[in-house]
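Undergrad: Everything below, folded, please.
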Amino acid sequence: MTKNQHAQESTQNKDGWVKEVFPDPENDYNKVWHNKFVFQEVGNGDYISIDLSPDKYGKIIYLSHDDGEGHGYVMADSFSELLSNWAQLGFVGGEDWQWLPFCKDKTSGIDPSCSNALLWQHTIGLR
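TA: The predicted structure is shown next:
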């Protein structure tokens, strides 16, 4: 499978979730799934996406298919910020339980300078 085919399949999978499970853009949980460009399948049924909504355009949003704690969290304000912050944490995994310890709240994004991040960086030899 080519990268392009994989990207198309990820988008189709996400669109299938929206159509079949999260169709109501007025529902608080469902609307998080709308107006997103998926660029990473996490592997557990969740996705990492870029928000295409005018008021949140470009923000990196976590989409949980099963009411995961990280659903709707802003992981970063931009793709480049995600890569920078994630790199400073040794690219911890994509599932929400793996990066949530480095977020202050639902809108703060991954913070590579929070106390958990500093401890993690020291533990894996990045500091």
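Undergrad: got a pLDDT number for the residue lying closest to residue 98 once chain neighbours are set aside?
TA: Spatial nearest neighbour of residue 98, chain neighbours left out: residue 92 (4.9 Å); criterion: C-beta to C-beta, 6 or more residues apart in numbering. C-betas here are computed from N, CA, C, even on glycine. On pLDDT, residue 92 comes in at 96.
Undergrad: Also residue 75?
TA: Reported pLDDT for residue 75: 99.
Undergrad: related to what we said a few turns ago, doesn't the residue nearest to residue 98 belong to a strand?
TA: No: per DSSP: H, G, I helix; E, B strand; the rest coil, residue 92 lies outside any strand segment and is coil.
Undergrad: quick one: it and residue 120 touch, right?
TA: Yes: using C-beta atoms under 8 Å as the test, residue 92 is close enough to residue 120 to be in contact (7.5 Å).
Undergrad: what touches both of those two?
TA: By the contact definition C-beta atoms under 8 Å, 6 or more residues apart in numbering, residue 92 and residue 120 are jointly contacted by residue 102.
Undergrad: Tell me where the chain has strands.
TA: Along the chain, the segments classed as strands by DSSP state E run 36-41, 47-51, 60-63, 74-76.
Undergrad: okay, the angle between the longest one and strand 47-51?
TA: This means strand 36-41. Orientation of strand 36-41 against strand 47-51 (axes from the mean of the first three to the mean of the last three C-alpha atoms, to 10 degrees) gives an angle of 150 degrees.
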